[in-house]
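A.B. asks: Need a 3D model of the following:
(2 chains)
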Protein chains: 2
Amino acid sequence: MLRRQFLVSAIVATLLPAFTGAVFAQTDPLPSWNDGAVKSSITDFVARVTTQGGPDFVPVDQRIATFDNDGTLWIEQPMYVQLAFILDRVKALAPLNPGWKTKQPFKAVLDGDMKALAASGEKGLVSLIAASHSGMTTAEFDKIVSDWLATARDHRFKRPYTELVYQPMLEVLAYLRANGFKTFIVSGGGIEFMRPWTEKVYGIPPEQVVGSSIKTRFEMKDGRPTLFRLADINFIDDKTGKPIGINEHIGRRPIAAFGNSDGDLEMLQWTTMGGPGPRLGLIVHHTDAEREYAYDRQSHFGKLDKALDAAAVNKWTVVDMKRDWKKIFPFDQEATTGSKP
Amino acid sequence: MLRRQFLVSAIVATLLPAFTGAVFAQTDPLPSWNDGAVKSSITDFVARVTTQGGPDFVPVDQRIATFDNDGTLWIEQPMYVQLAFILDRVKALAPLNPGWKTKQPFKAVLDGDMKALAASGEKGLVSLIAASHSGMTTAEFDKIVSDWLATARDHRFKRPYTELVYQPMLEVLAYLRANGFKTFIVSGGGIEFMRPWTEKVYGIPPEQVVGSSIKTRFEMKDGRPTLFRLADINFIDDKTGKPIGINEHIGRRPIAAFGNSDGDLEMLQWTTMGGPGPRLGLIVHHTDAEREYAYDRQSHFGKLDKALDAAAVNKWTVVDMKRDWKKIFPFDQEATTGSKP
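C.D. replies: Numbers count the residues shown, from 1 in each chain, chains lettered A, B, ... in the order given. This next block holds a predicted model:
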């Protein structure tokens, strides 16, 4: 058995790099990125860790890259997509819950009163999550999310949210995978909110998605095993939770991490400051109000403050979306605003 | 990018099955298994799910197989290996903790008084886990486990525990992977106790190990990010915890599950009773006191009672180790007791 396995592995190992190498020698793996230091920091890093016999070579099984989702792979303004889901879900469930008309934070949602909603704070948010994310089986929740994504539209771009993903980052995902990386999502968003669509949209299978979760209970129901979603937070995969989630799910340290906000600070530290060898830390800085949004230190969603300061100290790559990206979304025309400065 | 990726995938997809197919046509993928219904249940299942165009074909990305560890992939008698680790660790730490000489359950461990240890129950075990598994960083714990495994020896077989793995199951792991399966461990054992060695011993990388865990805390220590192990249980990956752990880590339902005790019952239910299409549930029944151990309904470790009854009802494969396995361990000679009845 083992000898045969080695033979297969040897053939694949010989063929794959030779083939991809030949391809990438001919064409640009990151066509939506303007040439410059930012783009080079990615391609140089990949060249270093994949050069067999080089001083920075990293074996394939250790090529782990982690990506935040909201604001790093897809849009997070004017609010997190999952919050839009929560608001729609509360509205959809309101006829079954007449008491919500007079009870906060549900009243605020039904009235569209964002100020009252904000005033309800974290406690309010948790009760909205409980109302929208629990009380059904995992299979039922998967369908609720999929059905919602199929019909919900972003108000500004009039597109399904799954189209509001960043083309340059899709290219980075594919480029890393073509170079032997395993790509993971490590997001503060709900793990079960992402899994129904990440494989189709990002090429990231469910087992490579790490996120926040609520507790579930196993039960036999009409002779069939089910997992029932409880109104009880299990894990918050944000800030210090990100390295904890990475350790729990992946069990080894990434060599590259991609984020865009202070929620990604500890993941970037864990990835880049943790050990010997080459590391890539990258922050997407939203600087393009025309093609997308411009926000950082003062933003309610995706606040980028401490991590921006840390980027300078730790030599993380900071992407200036306006300067560095030829296009933002897959459906964009290449815009003149995105041309090389 | 995408077209190139498809090309690479197409070449690999074309080459790999053709090559492995040619190999397996010539040789037996499970040479340590005696021919018969048990062996056929495995090879028939794999043939069905990998036959392109067949009614039971399963796409590669959905070929998920989960394996219990203790008693399914390696030995669990006369006690769980991790318990042997705990006892050794308590002895090693005793000089630093003079109070343990008079304090249960530590006194029981130091006196070798297994009766008093058993009397300390779950509460006693939790305090032993806390003393041996927490109070250090994840990197330090990795080294402690690796160092222990390098020197600890099983008393009966006089071998490192990592050699006391079941050769027929190693063949199943390799056979499934050669047929496009992703193989996962889903064990009640500690996730961080397994990850240092599962890749080398089973070919299962850290990110495909699911297990029980304690909580960790992220902290910067001398300017370096660390995860510090706390004396606080995070998750017990046993019984109903197994489908919960599978859902949390893998995010899709396995189509094959392998276990050996009542701790695996819910994983087997979740895998085989959950949806349409072919499923394989398999239980390793320890029936060979001569070459290994014989135990089931009355055993303290690896009790197999309810799951054995459920196997008959649900048509899970039950391996009779004495009858079905030509050899138990990789170092075994093929024994006459293992010949076809």
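A.B. asks: Only C-alpha atoms from now on, for both contacts and neighbour counts.
C.D. replies: Noted.
A.B. asks: residue boundaries of the strands in the stretch 101-250 of chain A?
C.D. replies: When secondary structure is read from DSSP state E, counting those that start in this stretch, the stretch 101-250 of chain A shows strands at A:182-190, A:209-221, A:224-235.
A.B. asks: ranking those strands by burial, who's on top?
C.D. replies: strand A:182-190 (a mean of 24; mean count of other CA atoms under 10 Å in any protein chain shown).
A.B. asks: CA-only coordinates of that strand in CSV, if you can.
C.D. replies: This file holds the C-alpha atoms of strand A:182-190, laid out as CSV (Å, rounded to 0.1, in the frame of the first residue of the first chain):
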residue,chain,number,x,y,z
LYS,A,182,-4.7,25.2,2.0
THR,A,183,-7.0,28.3,2.3
PHE,A,184,-9.2,28.8,5.4
ILE,A,185,-11.8,31.3,6.3
VAL,A,186,-11.4,32.6,9.9
SER,A,187,-14.3,35.0,10.5
GLY,A,188,-16.2,36.5,13.3
GLY,A,189,-19.3,35.7,11.3
GLY,A,190,-21.4,32.6,11.9
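A.B. asks: now the strands of the stretch 101-250 of chain A as JSON lines including mean pLDDT and distance to chain B?
C.D. replies: Formatted as JSON lines, the entries for the strands of the stretch 101-250 of chain A read as follows, by pLDDT from 0 to 100; distance: least, CA to the nearest CA, whole Å:
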{"stretch": "strand A:182-190", "mean pLDDT": "98", "distance to chain B": "10"}
{"stretch": "strand A:209-221", "mean pLDDT": "97", "distance to chain B": "6"}
{"stretch": "strand A:224-235", "mean pLDDT": "96", "distance to chain B": "6"}
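A.B. asks: Identify each buried residue in stretch A:150-159, please.
C.D. replies: A:A152, A:R153, A:D154 (16 or more other CA atoms under 10 Å in any protein chain shown).
A.B. asks: Redo those as CSV? Include distance to A:D35 and pLDDT.
C.D. replies: Supplementary listing: the buried residues of stretch A:150-159 in CSV, determined by distance: CA to CA, whole Å; pLDDT from 0 to 100:
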residue, distance to A:D35, pLDDT
A:A152, 36, 98
A:R153, 33, 98
A:D154, 31, 98
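A.B. asks: Tell me the spacing between the residue lying closest to A:W100 once chain neighbours are set aside and A:E140.
C.D. replies: Ranked by CA to CA, 6 or more residues apart in numbering or on different chains and with sequence neighbours excluded, the top spatial neighbour of A:W100 is A:F106, at 5.3 Å. The span separating A:F106 from A:E140 equals 23 Å under the rule CA to CA, to the nearest Å.
A.B. asks: Tell me which of these two has more neighbours.
C.D. replies: With other CA atoms under 10 Å in any protein chain shown as the criterion, A:F106 and A:E140 differ in neighbour count, and A:F106 comes out ahead with 27 against 14.
A.B. asks: wait, what's in contact with the more buried one?
C.D. replies: Taking CA atoms under 8 Å, 6 or more residues apart in numbering or on different chains as the contact definition, A:F106 lies against A:V90, A:W100, A:L128.
A.B. asks: Phi, psi for the second one please.
C.D. replies: The phi/psi pair for A:W100 (degrees, to the nearest 10) reads phi -60, psi -20.
A.B. asks: same deal with A:H155?
C.D. replies: Main-chain dihedrals, A:H155, degrees, to the nearest 10: phi -70, psi -40.
A.B. asks: Likewise for A:S120?
C.D. replies: Dihedral angles (degrees, to the nearest 10) for A:S120: phi -70, psi -10.
A.B. asks: Is it correct that it is in contact with A:V109?
C.D. replies: No: contact criterion CA atoms under 8 Å: A:S120 and A:V109 do not qualify, at 10.8 Å.
A.B. asks: And the two? Which one has more around it.
C.D. replies: Legend: neighbour count by other CA under 10 Å for A:S120 and A:V109, higher for A:V109 (21 against 17).
A.B. asks: Excluding sequence neighbours, find me the nearest residue to the more buried one.
C.D. replies: Take A:V109 and drop its neighbours on the chain: the residue closest to it by CA to CA, 6+ apart is A:L87, 6.2 Å away.
A.B. asks: Need the pLDDT of A:T198.
C.D. replies: Per-residue confidence for A:T198 comes out at a pLDDT of 98.
A.B. asks: Quick check: phi and psi on the closest residue to it other than its chain neighbours?
C.D. replies: Closest residue to A:T198 in three dimensions, ignoring its sequence neighbours and counting by CA to CA, 6+ apart: A:I204, at 5.5 Å. A:I204 has phi and psi values of phi -110, psi 110 when expressed as degrees, to the nearest 10.
A.B. asks: hang on, isn't A:I204 packed against A:F184?
C.D. replies: Yes: checked against CA under 8 Å, the pair A:I204 and A:F184 is within contact range at 6.8 Å.
A.B. asks: who's in contact with the residue nearest to the spatial centre of chain A?
C.D. replies: The geometric centre of chain A, computed from its C-alpha atoms, lies nearest to A:N69 (CA atoms, centre = their mean), at 1.7 Å. Residues near A:N69 by CA under 8 Å, 6+ apart: A:I185, A:V186, A:S187, A:G189, A:G259.
A.B. asks: How much space separates the first one from A:K303?
C.D. replies: Here the distance between A:I185 and A:K303 works out to 19 Å (CA to CA).
A.B. asks: Check A:D332 too.
C.D. replies: For A:D332, the distance to A:K303 equals 25 Å [CA to CA].
A.B. asks: who's more crowded, the two?
C.D. replies: Between A:D332 and A:K303, A:K303 has the larger neighbour count (other CA under 10 Å), namely 17 against 11.
A.B. asks: hang on, A:A65 is in a strand, isn't it?
C.D. replies: Yes: for A:A65, which was evaluated using DSSP: H, G, I helix; E, B strand; the rest coil, the result is membership in a strand.
A.B. asks: Dig out what it forms beta bridges with.
C.D. replies: When bridges are called by DSSP bridges, A:A65 pairs up with A:T183, A:A256.
A.B. asks: so where do the helices sit in chain A?
C.D. replies: A:2-26, A:37-50, A:81-93, A:106-111, A:114-119, A:121-133, A:138-151, A:167-178, A:191-202, A:241-249, A:265-272, A:306-314, A:321-324 (DSSP state H).
A.B. asks: Could you report the pLDDT at the residue lying closest to A:P243 once chain neighbours are set aside?
C.D. replies: Beyond its immediate neighbours in the sequence, the residue positioned closest to A:P243 (CA to CA, 6+ apart) is A:M267, lying 5.3 Å away. A:M267 is assigned 98 on the pLDDT scale.
A.B. asks: Can you report how many residues lie near A:M267?
C.D. replies: Around A:M267 there are 32 other residues, counting by other CA under 10 Å.
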